[in-house]
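S.K.: coords below, sequence missing:
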């Protein structure tokens, strides 16, 4: 997936790991927000909203990891 992203082949990257491709944009936004807040104020803790998004992203990854290994959801596998 990473090699596909480096060559800007988004379709191949999505086929390799759809879950990570879906959570990549909000994850990058949160990372940049936290970096900006750290530079500005020295605080590194995420806000309550960022924590909520991080927990949702973690739950999504766990659910995706379980489902892609079940026979009924074989279409989720790369």
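M.R.: Perfect, I can see it now. Keep in mind that this is a model prediction, so the values were computed, not measured. Residues are numbered from 1 along each chain as shown.

S.K.: who's in contact with the strand or helix carrying residue 63?
M.R.: Taking DSSP states H and E as the definition, residue 63 sits inside helix 48-67. When contacts are defined by C-beta atoms under 8 Å, 6 or more residues apart in numbering, helix 48-67 is touched by residues 18-20, 22-23, 26-27, 30, 33-34, 46, 73, 76. Heads up, the C-betas are built off the backbone N, CA and C, glycines and all.

S.K.: what's the span of stretch 7-20, first residue to last?
M.R.: From its first residue to its last, stretch 7-20 covers 17 Å (C-alpha to C-alpha, to the nearest Å).

S.K.: How far away from the center of its chain is that stretch?
M.R.: 12 Å (C-alpha atoms, centre = their mean, to the nearest Å).

S.K.: Okay, buried residues for it please.
M.R.: For stretch 7-20, the neighbour count (16 or more other C-beta atoms under 10 Å) marks 13, 14, 16, 17, 19, 20 as buried.

S.K.: Against residue 16, how distant is the residue positioned nearest the centre of the chain?
M.R.: In the chain, the residue lying closest to the centroid (C-alpha atoms, centre = their mean) is residue 23, at 2.8 Å. According to C-beta to C-beta, to the nearest Å, residue 23 and residue 16 sit 14 Å apart.

S.K.: With residue 46 instead?
M.R.: Where residue 16 is concerned, residue 46 sits at a distance of 28 Å (C-beta to C-beta).

S.K.: and what of residue 77?
M.R.: Following C-beta to C-beta, the distance that separates residue 77 from residue 16 is 10 Å.

S.K.: Where do the helices of this protein begin and end?
M.R.: When assigned using DSSP state H, the helices of the chain occupy the ranges 2-6, 10-16, 18-41, 48-67.

S.K.: just how off-centre is stretch 3-11 within its chain?
M.R.: With C-alpha atoms, centre = their mean, you get 16 Å for stretch 3-11.

S.K.: go on, stretch 29-39?
M.R.: Worked out by C-alpha atoms, centre = their mean, stretch 29-39 lies 16 Å from the chain centre.
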